[in-house]
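Participant: Okay, sequence plus prediction incoming.
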Amino acid sequence: MKITVSGTAKEVKDGLTLPELIELENVEQPEYVTVSINEEFVASADKDSTVLKDGDSVEFLYFMGGGSYGVN
């Protein structure tokens, strides 16, 4: 089946699960990544049971923490 991952078309096996895709894509710190499929966020509790479908578009979103910028 064909899916799009971060804007790149990919051919993957039928019935691929989200955890399998995360492993295939070598996602760093998967416990901290937010995933959207077809512009819908996947709840953390649903990540392990999510099965991808032909035509799905998957994005991995990483939230970066940081300090503030200011003048002392």
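Facilitator: Looks like it came in fine.
Participant: Next, the buried residues of stretch 13-32.
Facilitator: Under the neighbour-count criterion of 16 or more other CB atoms under 10 Å, stretch 13-32 has 16, 18, 21-22, 25, 27 buried. C-betas here are computed from N, CA, C, even on glycine.
Participant: Cross these against helices and list the overlap.
Facilitator: Among these, the residues falling in helices (DSSP state H) are 18, 21-22.
Participant: Where does the prediction get shaky in the protein?
Facilitator: For the chain, the stretches with pLDDT under 70 are 64-72.
Participant: who touches stretch 49-58?
Facilitator: With contact meaning CB atoms under 8 Å, 6 or more residues apart in numbering, stretch 49-58 is reached by 1-6, 12, 14-18, 21, 35-39, 42.
Participant: Look up the closest residue to F63, ignoring the ones flanking it.
Facilitator: T34 (6.8 Å; CB to CB, 6 or more residues apart in numbering).
Participant: how much space between the one you found and D48?
Facilitator: 15 Å (CB to CB, to the nearest Å).
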